[in-house]
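*Asks:* pasting the sequence and the predicted coordinates here, then a few questions.
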Amino acid sequence: MVKRYFGTDGIRGKVGERPITPEFVLHLGWAVGHVLASHGGRGKVVIGKDTRISGYMFESALQAGLSAAGVDIRLLGPMPTPGIAYLTRTMRADAGIVISASHNPYFDNGIKFFSPLGTKLPDETEQEIESYLDHPVTCVESAQLGKAARVNDAAGRYIEFCKSTVPLGLELGGIRMVLDCANGATYDVAPKVFQELGADVIPIGVEPDGLNINAECGSTNPAMLQQAVIEHGAELGVALDGDGDRVIMVDHKGEVVDGDELLFVIARDRQANGHRNGGSYQGGVVGTVMSNLGLELAFKEAGIPFRRAAVGDRYVAEMMAQEGWILGGESSGHIICRDCTTTGDGIVSALQVMAAMVNSGQTLHTLKRGMTKFPQTMINVRLEKRFSPDDSEHVRNAVRDVEAQLAGRGRVLLRASGTEPVIRVMVEGDDAPQVEKLAKQLAGIVAQAAAVAD
């Protein structure tokens with residue numbers, strides 16, 4: 001069954017355009033309430049949000065819909081997505097709701113959900129929620145309406161959890177770091193986590209105004225962080241995205257260290273020292289079809305099994321569970337350390353990398369050198385209407401031509417984004433100029449095909 005509204009990470013779009021409207025979100029809250037009731041839930045949902053201005057509006061709309069369905073609400077306020085996942089689990093809630101469009105600009109927003117276990121909802125539950133959206137909103141009797149209350153110590157609970165994901169005796173010992181919070185959901189909690197563990201933190205991107213989330217900052221725009229690391233003579237930089245579930249880092253030379261490289265550093269540290277609960281780490285690592293070929297080859301050389309899942313942290317998590325492995329992630333910086341938490345967490349992932357630095361006594365620049373990245377170019381082709389590259393013979397022929405030119409020394413991948421109206425065109429190989437040329441050539445062909453498609 002094809003889902004009409006849910007993408008790879010909840011429901012997302014431009015504010016004011018369906019489905020990201022107050023009316024739809026109220027209806028969505030009501031639908032979620034009815035699904036929870038049908039599953040015999042206890043009738044409690046936690047809601048958190050990032051810092052974009054529309055969050056106030058959608059928080060109220062969700063409250064109204066859930067209350068009409070007889071569900072109680074606990075408001076967390078601005079809170080990183082992984083913090084909401086954690087509190088959903090520890091507060092024994094029936095579900096967690098996140099109001100965020102992650103790394104998108106302020107004029108977008110979205111709604112995503114966590115199960116009582118702090119994991120993404122299965123496809124079946126999302127489809128069930130969508131089925132209720134075909135029914136008109138009704139209201140329970142007044143005595144059964146849901147009540148709302150604010151959780152005043154939510155930030156403190158999450159800060160203590162983040163600190164608990166590294167060994168008790170491990171301190172960051174005055175490590176000078178620049179921390180870019182993207183003017184997003186981590187602006188308050190993230191500096192406190194690293195400071196309380198002993199780091200010398202230089203925070204940037206910590207003055208949200210409702211409009212500046214992800215604006216020329218954060219994990220998708222690391223240039224400001226790179227400059228700040230050099231200017232302050234810092235040992236590293238950490239860039240989170242607007243909702244705090246992804247991280248990109250910068251080494252002391254100002255070089256960006258992406259999610260593939262961070263995953264490699266964490267995996268090798270787990271391999272060398274065992275995971276935090278003791279014992280040697282014998283598992284493998286899950287990446288995605290977008291993971292750099294260099295990561296796969298580095299793991300092969302290290303004797304660490306590696307598998308690729310579809311793009312999306314939910315699919316990474318599903319494959320990790322199938323394999324019984326504790327590590328997985330995406331090049332974008334969504335990294336899941338399942339021995340620490342249930343979902344991608346930018347703060348927790350950064351802490352694991354910094355723990356690897358302390359354990360090894362090496363810089364991030366040195367640790368990442370164990371993996372050699374293949375040149376990779378990705379171009380986003382923006383769509384004006386729905387288009388599948390698989391439906392175009394012209395595009396299929398172009399892909400075959402590019403693969404022939406790579407002659408078995410690279411990869412080609414076309415995929416529709418689950419969060420934006422774009423087709424991602426990725427070409428990877430061992431010759432950087434050729435890779436860039438072929439990617440631009442293929443992106444142009446995809447754009448032309450999309451423009452003339454019915």
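*Replies:* Yep, that arrived.
*Asks:* quick one: contacts for the nearest residue to residue 186 once chain neighbours are set aside?
*Replies:* Once flanking residues are discounted, residue 186 sits nearest to residue 244: 4.1 Å by CB to CB, 6 or more residues apart in numbering. No exception for glycine: its C-beta is placed from N, CA and C like everyone else's. Residue 244 makes contact with 80-83, 181, 184-186, 190, 345-347, according to CB atoms under 8 Å, 6 or more residues apart in numbering.
*Asks:* in which helix or strand does residue 244 reside?
*Replies:* Here residue 244 sits in a region with no helix or strand, counting by DSSP states H and E.
*Asks:* need the phi and psi values for it.
*Replies:* The phi and psi values for residue 244, taken as degrees, to the nearest 10, are phi 80, psi 10.
*Asks:* so what pLDDT did it get?
*Replies:* At residue 244, the model reports a pLDDT of 98.
*Asks:* got CSV for the contacts of residue 244, with neighbour count too?
*Replies:* Formatted as CSV, those follow (neighbours: other CB atoms under 10 Å):
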residue, neighbour count
80, 34
81, 32
82, 30
83, 30
181, 31
184, 32
185, 36
186, 36
190, 29
345, 31
346, 32
347, 28
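*Asks:* between the residues you listed, which is nearest residue 258?
*Replies:* Residue 258 lies nearest to residue 346 out of these, by CB to CB, at 13.0 Å.
*Asks:* touching, the closest one and residue 219? I think so.
*Replies:* Yes - assessed by CB atoms under 8 Å, residue 346 is found in contact with residue 219 at 7.3 Å.
*Asks:* between those two, which contacts overlap?
*Replies:* 240-241, 246-247, 333.
*Asks:* in strands, which of these appear?
*Replies:* 240, 247 (DSSP state E).
*Asks:* and which of the shared contacts of residue 346 and residue 219 is nearest residue 19?
*Replies:* residue 241 (22.2 Å).
*Asks:* tell me, how many neighbours does that closest one end up with?
*Replies:* 33 (other CB atoms under 10 Å).
*Asks:* and residue 44, how far is that from residue 113?
*Replies:* According to CB to CB, to the nearest Å, residue 44 and residue 113 sit 14 Å apart.
*Asks:* ok, residue 106 next?
*Replies:* With CB to CB as the criterion, residue 106 and residue 113 are 22 Å apart.
*Asks:* also residue 249?
*Replies:* Residue 249 is 29 Å from residue 113, by CB to CB.
*Asks:* those two: who's more crowded?
*Replies:* Neighbours were counted for residue 249 and for residue 113 using other CB under 10 Å; residue 249 has more, 29 against 22.
*Asks:* ok but the more buried one is inside a strand, no?
*Replies:* Yes - the assignment for residue 249 by DSSP: H, G, I helix; E, B strand; the rest coil puts it in a strand.
*Asks:* could you pull up phi and psi at the closest residue in space to it that isn't next to it in sequence?
*Replies:* Nearest non-adjacent residue to residue 249, counting by CB to CB, 6+ apart: residue 257, 4.4 Å away. Main-chain dihedrals, residue 257, degrees, to the nearest 10: phi -120, psi 110.
*Asks:* what about the helices in this protein?
*Replies:* In the chain, the segments counted as helices under DSSP state H are 22-38, 55-68, 81-90, 123-132, 154-163, 189-196, 223-232, 259-273, 293-302, 313-323, 346-360, 364-368, 393-406, 432-452.
*Asks:* out of those, which one sits most buried?
*Replies:* Most buried of those, by mean neighbour count (mean count of other CB atoms under 10 Å): helix 81-90, with a mean of 26.
*Asks:* who's in contact with that one?
*Replies:* 46, 48, 50, 76, 79, 93, 95-98, 100, 102, 112, 114-119, 151, 154-155, 157-158, 161, 185, 189, 243-245, 341-348.
*Asks:* before we move on, what about stretch 412-420?
*Replies:* Stretch 412-420 has contacts (CB under 8 Å, 6+ apart) with 7-9, 12, 101-102, 104, 110, 289-290, 311-312, 380, 388-389, 395, 399, 402-403, 406, 422-428, 438, 442, 446.
*Asks:* can you tell me which of those are in strands?
*Replies:* In strands, judged by DSSP E, the following of the contacts of stretch 412-420 are found: 12, 110, 380, 422-428.
*Asks:* any chance of these in a markdown table, plus pLDDT, distance to residue 143 and neighbour count?
*Replies:* Shown next, in a markdown table, are the ones in strands among the contacts of stretch 412-420 (pLDDT from 0 to 100; distance: CB to CB, whole Å; neighbours: other CB atoms under 10 Å):
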| residue | pLDDT | distance to residue 143 | neighbour count |
| --- | --- | --- | --- |
| 12 | 94 | 36 | 23 |
| 110 | 97 | 33 | 24 |
| 380 | 94 | 51 | 13 |
| 422 | 91 | 48 | 14 |
| 423 | 93 | 52 | 23 |
| 424 | 93 | 51 | 18 |
| 425 | 95 | 56 | 28 |
| 426 | 95 | 56 | 20 |
| 427 | 96 | 61 | 29 |
| 428 | 95 | 61 | 24 |
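*Asks:* just the pLDDT for the residue nearest to residue 344 when sequence neighbours are not counted.
*Replies:* Spatially, and ignoring its direct neighbours in sequence, residue 344 is nearest to residue 334 (4.0 Å; CB to CB, 6+ apart). As predicted, residue 334 sits at a pLDDT of 96.
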